[in-house]
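A.B. asks: Build me a model:
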Amino acid sequence: MMIGPLILIAVPLAAAMLTFVLRPWRTVTALVAALALLAAAVWALQTPLDEPQVVLGRTIVLSSGDRIGIAFLFIVSAAIFVGARLASPGWSYYSIALLIVAALAAALIIRPPLNEIYLSFAYSALCLAIASALCVFPLQGERPGVTSAALRFITLITLALPALLLADWSLGQLTQSPDSPQLIETTVRLVMLGFALLLAVVPFHAWVPIVAGEAPPLSTTLVLNVLFGAVWILLLDVMNENALIGNDPRVLESLRTAGLLMAAFGGLLTWAQHELGRLLGYAALADTGAILFAVGTGSSAGLASALVLVIGRAAGIGLMSIGMAMVRERQKDDSFAALTGLVWKLPWASLAVVAGGLSLSGVPPLASFAGRWGVAQQAAGIDPRAAALLLAAGVSVAVGVLRGLREILSPLPQTDPPVARERRREVILIVAALALCLFVGLFPGAFSPFVREFVAAFPSVGR
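C.D. replies: Model (predicted):
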């Protein structure tokens, strides 16, 4: 079949054009966008796509790990589209978001051979740069003058592009000088720098809390779950397909060190926040740290825990973002001072914010618990101090959420103006998201077939 994996790029592109035509009808647009991605995700999970295809002289191939990863990104994006409809996004939101998803799918699909030894990831880096540039529009949210978060995001993400392109060039040079220690050292360092920028590793994290605090919550979710998910899968691809990188013990050690640093930094600052948005940003940093540490263990169990944690992360961030979107829509402020007595005004939104935040911290039986516990077990086998730090980071995130809960449960001030209660469709959405959060936490085994296939696709990473 000539079209092969390219259909996973073509579907979101076609849906982007269709949603642009249908933009006056917001509900129809949201349904078209979500259903198109869900259909493509189902097709990807049921159809083997690992036969190489030559398109315009370039070999296109999709491994089973990438196939599952793209399906996951499509499903998460479809869920975001459904939630975004309740937040009244701008007329261009769905078309641009679908273009972002198409660019991310292309980043995971278009990796032609660089030479007889290595695969190129230059095209993947360019596609990630395109997706990041498009993310500026939903992050800005059609609000004139609100640009600091989007600018900070695109500046730091764009800096990763030259590092990855130079790393790709350096891999090509290694064919001529395979034993050159200088080239090997340069390649490894450039790859590490590029992905450190893409994954917002400390000290390149500054955009995360700012974006979470300023951008529309569900646009933040698109970046933290979908863009981050694509970068994470590409990192696994690069490590798996280039033995020079994947088999270098320094890379695994760097991943573990960066993971612990992010977990400690994010956890330490989460409990000190006074706004829901920034709290979400630092909680996401701590969560990213746990995922990086899991990958850095270099074991199949660690990689499986990382995937389960990525799934739980999507559910937790999504649930918290839905609640935040409702709070910001009605109160125009998500600071703790403005949350006083929120449970008496917006009980369902309050539940979404607290449950989503506690899920990110790894509190049982919510979505991230199984992944967090698996990562802690892997860490304990390497260094008990690392396990203690990861658990402490989760506790610190929970403390930050509970500080917000204290304000939410406070008596309602008599001077507070009344706000509109949640609409029925908003309550249904929150209940569905909470049910998903509980399902992922209580029944992580339901994802076992996909987790096993995903881990098996990366033998050099999860040994």
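A.B. asks: only C-alpha atoms for contact and neighbour calcs from this point on.
C.D. replies: Fine.
A.B. asks: tell me the average confidence for stretch 320-333?
C.D. replies: When pLDDT is averaged over stretch 320-333, the result is 90.
A.B. asks: same question but for stretch 269-283, I mixed them up
C.D. replies: For stretch 269-283, mean pLDDT is 91.
A.B. asks: Any buried residues in that stretch, and which?
C.D. replies: By 16 or more other C-alpha atoms under 10 Å, the buried positions in stretch 269-283 come out as 269-271, 273-283.
A.B. asks: so which strand or helix has residue 402?
C.D. replies: With the criterion set as DSSP states H and E, the secondary-structure element containing residue 402 is helix 384-408.
A.B. asks: Reformat the buried residues of stretch 269-283 as JSON lines; add secondary structure.
C.D. replies: Listed next are the buried residues of stretch 269-283 as JSON lines, based on DSSP: H, G, I helix; E, B strand; the rest coil:
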{"residue": "269", "secondary structure": "helix"}
{"residue": "270", "secondary structure": "helix"}
{"residue": "271", "secondary structure": "coil"}
{"residue": "273", "secondary structure": "coil"}
{"residue": "274", "secondary structure": "coil"}
{"residue": "275", "secondary structure": "strand"}
{"residue": "276", "secondary structure": "helix"}
{"residue": "277", "secondary structure": "helix"}
{"residue": "278", "secondary structure": "helix"}
{"residue": "279", "secondary structure": "helix"}
{"residue": "280", "secondary structure": "helix"}
{"residue": "281", "secondary structure": "helix"}
{"residue": "282", "secondary structure": "helix"}
{"residue": "283", "secondary structure": "helix"}
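A.B. asks: and residue 463, how far is that from residue 230?
C.D. replies: For residue 463, the distance to residue 230 equals 22 Å [C-alpha to C-alpha, to the nearest Å].
A.B. asks: Residue 385 too?
C.D. replies: 30 Å.
A.B. asks: Looking at those two, which one has more neighbours?
C.D. replies: residue 230 (23 against 11; other C-alpha atoms under 10 Å).
A.B. asks: Identify the residues contacting the more buried one.
C.D. replies: By C-alpha atoms under 8 Å, 6 or more residues apart in numbering, residue 230 lies in contact with 69, 70, 73, 104, 105, 107, 108.
A.B. asks: buried subset of the residues you listed?
C.D. replies: The neighbour-count test (16+ other C-alpha under 10 Å) marks 69, 70, 73, 104, 105, 107, 108 as buried among the contacts of residue 230.
A.B. asks: in the stretch 101-250 of the chain, which segments are predicted with low confidence?
C.D. replies: Counting by pLDDT under 70, the stretch 101-250 of the chain contains low-confidence residues at 115-117, 142-146.
A.B. asks: quick one on the thing from earlier: put together JSON lines for the buried ones among the contacts of residue 230, with distance to residue 17 and secondary structure on each row.
C.D. replies: Listed next are the buried ones among the contacts of residue 230 as JSON lines, based on distance: C-alpha to C-alpha, whole Å; DSSP: H, G, I helix; E, B strand; the rest coil:
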{"residue": "69", "distance to residue 17": "24", "secondary structure": "helix"}
{"residue": "70", "distance to residue 17": "20", "secondary structure": "helix"}
{"residue": "73", "distance to residue 17": "20", "secondary structure": "helix"}
{"residue": "104", "distance to residue 17": "17", "secondary structure": "helix"}
{"residue": "105", "distance to residue 17": "17", "secondary structure": "helix"}
{"residue": "107", "distance to residue 17": "20", "secondary structure": "helix"}
{"residue": "108", "distance to residue 17": "22", "secondary structure": "helix"}
